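Student: Next comes the sequence, and after it the predicted model I'd like to discuss.
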Amino acid sequence: MSEAAPIVIGLGELLWDVFPDRRLPGGAPANVAFQAGQLGCRGVVASRVGTDDLGDELCSYLDEKGLDSSYVQRDPEHPTGRVTVELSDDGQPDFTIHEHVAWDFLAFEEPLQQVAGEASAVCFGTLAQRSPIARQTIHSVLAATPQNCLRVYDVNLRQQFYDRSWVEPSLEKASVVKLNHDEVGILAGQLELPTDPIGFAGAVQDKFAIDWVCITRGADGCLIATNDETVDVPGRPIEVVDTVGAGDAFTAALITTRLEGWPLRPAAEFANRVGGLVASRSGAMPTLTEELAELRTEFGRQL
Ligand SMILES: Nc1ncnc2c1ncn2[C@@H]1O[C@H](COP(=O)(O)OP(=O)(O)OP(=O)(O)O)[C@@H](O)[C@H]1O
Ligand SMILES: O=C(O)C(=O)C[C@H](O)[C@H](O)CO
């Protein structure tokens with residue numbers, strides 16, 4: 001990663017995914033920044049952890065992996081976030097997300113204000129908007145980004161932690177939206193939009209001036225609609241370990257390829273493969289440097 005690499009900010013939660021047998025770093029926007037870092041961008045995790053040991057460990061993890069942890073705020077009053085993850089037999093997660101944790105208090109502090117002004121992309125979701133403080137920070141960061149910055153809303157509706165009054169302003173600020181097929185059903189109901197993916201994508205583009213609507217379908221790949229074209233890319237069979245973070249890796253790959261100006265179809269195919277790679281590993285932030293370099297070489301030949 002060079003200093004000139006484009007800055008991709010993952011804005012919101014950084015936490016521990018607590019599996020039955022171990023804990024691993026996670027948090028959807030942090031996962032996106034992490035994977036964007038592995039794909040050659042300057043990944044910036046903008047979050048907040050406690051001053052506890054769990055917070056120290058997360059910062060050390062990011063530093064070890066070559067991400068700058070200086071945009072991770074430390075909160076002496078609230079603990080580092082945790083999510084209890086249970087896995088079904090086919091590796092699908094069920095999350096229990098603990099409340100009143102440090103990332104709920106993410107503040108619009110000077111270092112974050114400054115890096116927002118330099119960002120090529122910022123990825124944010126819905127979960128971190130459950131607290132008014134973090135919600136305000138997310139919207140302040142979005143407002144501070146350059147005009148041509150990609151503002152990527154990776155919807156991620158979790159448990160009861162979403163509300164129409166947070167979703168609509170997020171769609172209004174976003175230029176790219178990424179969601180999975182279940183979330184299409186939920187948002188279509190909430191916002192009175194068509195439920196079929198192509199109709200939904202078109203309606204979101206029209207209503208919210210979004211350039212790209214990206215719908216993931218787990219093993220069945222994805223559909224991406226831009227202002228110019230729509231691609232529907234099937235999944236590629238893989239051996240699933242757990243799908244935690246697969247969607248975040250997909251988002252990171254999509255951001256990277258868009259910043260690099262790839263045509264849409266290979267970008268969607270590459271994002272599918274990156275999502276699949278993460279689903280074939282344990283946890284949301286597996287080290288994949290070699291695999292991603294090989295994948296880039298494979299796709300490089302097609303471009
Ligand atoms: N079982 C699978 N087989 C092959 N590829 C998969 C599988 N699961 C996920 N992927 C890849 O990862 C992408 C994202 O997966 P998915 O649709 O599960 O995202 P998501 O629900 O947003 O995930 P997240 O839990 O990270 O939010 C898929 O579009 C696909 O390319
Ligand atoms: O951040 C989220 O949306 C989470 O649910 C955290 C997860 O445990 C995981 O790391 C991301 O999908």
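Tutor: Perfect, I can see it now. Ligands and ions are numbered 1, 2, ... in the order given.
Student: Could you use CA atoms for every contact and neighbour count after this?
Tutor: Will do.
Student: Ends of stretch 71-83, what's the gap?
Tutor: With C-alpha to C-alpha, to the nearest Å as the measure, the first residue of stretch 71-83 is 21 Å from its last.
Student: what about it, near ligand 1?
Tutor: No: in this structure, stretch 71-83 remains apart from ligand 1 according to C-alpha under 6 Å from any ligand atom; the gap is never smaller than 12.6 Å.
Student: what about the closest residue to ligand 2 within the stretch 201-303 of the chain, how many neighbours?
Tutor: Each residue of the stretch 201-303 of the chain has a distance to ligand 2, by C-alpha to the nearest ligand atom, and the smallest belongs to G245, at 4.4 Å. G245 has 28 neighbours, counted by other C-alpha atoms under 10 Å.
Student: out of everything not next to it in sequence, what's closest to it?
Tutor: Here the nearest residue to G245 in space, its sequence neighbours aside, is A284; by C-alpha to C-alpha, 6 or more residues apart in numbering that works out to 4.2 Å.
Student: same question, T257
Tutor: Leaving aside its chain neighbours, T257 sits nearest to A267 (5.8 Å; criterion: C-alpha to C-alpha, 6+ apart).
Student: ok, now which ones touch D154?
Tutor: Residues counted as contacts of D154 (C-alpha atoms under 8 Å, 6 or more residues apart in numbering) are C123, F124, G125, T126, V177, K178, L179, D248, T251.
Student: no, scratch that, I was asking about F34
Tutor: Contacts of F34 were listed using C-alpha under 8 Å, 6+ apart, and they are G43, V44, V45, L67, M285.
Student: What subset of these is buried?
Tutor: Of the members of those, the ones counted as buried by neighbours, 16 or more other C-alpha atoms under 10 Å, are G43, V44, V45, L67, M285.
Student: Phi and psi next, for the third one.
Tutor: This points to V45. Note on V45: backbone dihedrals following degrees, to the nearest 10 are phi -90, psi 110.
Student: wait, doesn't it sit right on G66?
Tutor: No: the pair V45 and G66 does not pass the contact test of C-alpha atoms under 8 Å, sitting 11.5 Å apart.
Student: did I read that right, V85 in a strand?
Tutor: Yes: assessed with DSSP: H, G, I helix; E, B strand; the rest coil, V85 lies in a strand.
Student: what pLDDT does it get?
Tutor: Reading off the per-residue confidence, V85 sits at a pLDDT of 95.
Student: So it is in contact with G91, correct?
Tutor: No: in this structure V85 lies outside contact range of G91 using C-alpha under 8 Å: 10.7 Å.
Student: State the number of residues packed around P93.
Tutor: Residues near P93, counting by other C-alpha under 10 Å, number 17.
Student: Dig out what it forms beta bridges with.
Tutor: Bridge pairing for P93 (DSSP bridges) gives the partners L87.
Student: Kindly report the residues of this structure close to ligand 1.
Tutor: Within reach of ligand 1 by C-alpha under 6 Å from any ligand atom, the chain has these residues: 156, 179-180, 216-219, 221-222, 235-238, 240, 243-248, 250, 272-273, 275-276, 279.
Student: could you redo the last one with a cut-off of 5 Å?
Tutor: For the chain, the residues in contact with ligand 1 (C-alpha under 5 Å from any ligand atom) are 180, 216-219, 221-222, 244-248, 272, 275-276.
Student: Okay, and which of those residues map to strands?
Tutor: Filtering these for membership in strands, criterion DSSP state E, returns N180, T216, C222.
Student: what does stretch 220-230 rub up against?
Tutor: When contacts are defined by C-alpha under 8 Å, 6+ apart, stretch 220-230 is touched by residues 197-198, 201-202, 205, 211-216, 231-236, 268, 272.
Student: Show me where the stretch 1-150 of the chain has its strands.
Tutor: Using DSSP state E, counting those that start in this stretch, the strands assigned to the stretch 1-150 of the chain run over residues 7-11, 15-18, 23-26, 42-50, 72-75, 81-87, 93-97, 121-124, 150-154.
Student: And the stretch 151-300 of the chain, by the same measure?
Tutor: Taking DSSP E, counting those that start in this stretch as the criterion, the stretch 151-300 of the chain contains strands spanning 176-180, 212-216, 222-225, 230-233.
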